[in-house]
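Trainee: A structural model of the following input is requested.
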Amino acid sequence: MKTADCDILIVPGLGGSGEEHWQTRWAGRLSTARVVTQDAWHDPEPEAWCGRIAEAVAQATRPVILIAHSLGVVACVEAVPRFPEGVVRGALFVALPDVEDAPNLPDSVRAFAPVPRDPLPFPSLVVASRTDPHCAYERADDFAHAWGALTVDAGESGHINVASGHGPWPEGLMRLAGFMKGL
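Mentor: Numbers count the residues shown, from 1 in each chain. Predicted coordinates:
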């Protein structure tokens, strides 16, 4: 599948993705991409966030590829039962937070627990770092396995955001291209 053949929905996490974040940069580079916005980036509410994602998927006019980061990953997985059947063709999930077990997350993020463990009805990749302060690599791999997703070991990459040195993140864009080629 080529990017021109699908609607790419970019789903940021807590606080949204700033100007230098790889998601924002990708949204500017990929002609069929759009960011799924939330009304309350800093005070997330599970029902509202999942509803907004499901609404964006339902409004798509072509097959959908999800590109989610951090809390956006959890919100996407929770929204899956609301998606029209067969519309989402794949997902790239990056740096999911362990909303069930990480001690350093705000209560508003913990409100997204528990994370669904049902297999996803579309192919997906979970990119996980061995030094993510919000999720142990083993936990990310366990969630990926439950979802039927492939885990991509990002090594010691922190939370795969601007603070960890991942502004443009060209390796991620190459990973996305390879993933989409197989869809």
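Trainee: point to the residue nearest the middle of this protein.
Mentor: Nearest to the mean C-alpha position of the chain, counting by Cα atoms, centre = their mean, stands Ala68 at 1.8 Å.
Trainee: ok so that one is a helix residue?
Mentor: No: secondary structure of Ala68 (DSSP: H, G, I helix; E, B strand; the rest coil): strand, not part of a helix.
Trainee: ramachandran coordinates for the residue nearest to it when sequence neighbours are not counted?
Mentor: Distances taken as Cβ to Cβ, 6 or more residues apart in numbering place Val11 nearest to Ala68, at 4.0 Å, with adjacent residues excluded. For glycine as for every other residue, the C-beta is placed from the backbone atoms N, C-alpha and C. Dihedral angles of Val11 (phi, psi; degrees, to the nearest 10) stand at phi -120, psi 100.
Trainee: for Phe179, see how far away Val11 is.
Mentor: 16 Å (Cβ to Cβ, to the nearest Å).
Trainee: neighbour count winner among the two?
Mentor: Val11 (27 against 19; other Cβ atoms under 10 Å).
Trainee: who's in contact with the more buried one?
Mentor: 35-36, 53, 66-69, 72-73, 75-76 (Cβ atoms under 8 Å, 6 or more residues apart in numbering).
Trainee: quick one: the strands in this structure, in order.
Mentor: Assigned by DSSP state E, the chain shows strands spanning 7-11, 33-35, 64-69, 88-94, 124-128, 150-153.
Trainee: which one of those strands lies nearest to Asp43?
Mentor: With Cβ to Cβ as the criterion, Asp43 lies closest to strand 7-11 of these, at 17.1 Å.
Trainee: mind giving me the packing neighbours of the lengthiest helix in the chain?
Mentor: If you go by DSSP state H, the chain has its longest helix at helix 46-59. Secondary structure elements in contact with helix 46-59, counted by 3 or more Cβ pairs under 8 Å, 6 or more residues apart in numbering; DSSP states H and E, are strand 7-11, helix 71-79.
Trainee: next one: the spatially closest residue to Arg25 that is not a sequence neighbour from Gln23, what distance?
Mentor: Nearest-residue entry for Arg25: Pro168, 5.3 Å, with adjacent residues in sequence omitted and distances by Cβ to Cβ, 6+ apart. Separation of Pro168 from Gln23 (Cβ to Cβ): 11 Å.
Trainee: next, count neighbours for Val126.
Mentor: What Val126 shows, counting by other Cβ under 10 Å, is a neighbour count of 22.
Trainee: my bad, should have said Ser124
Mentor: Residues lying near Ser124 (other Cβ under 10 Å) number 23.
Trainee: how close does it sit to Leu9?
Mentor: Taking Cβ to Cβ as the measure, Ser124 falls 13 Å from Leu9.
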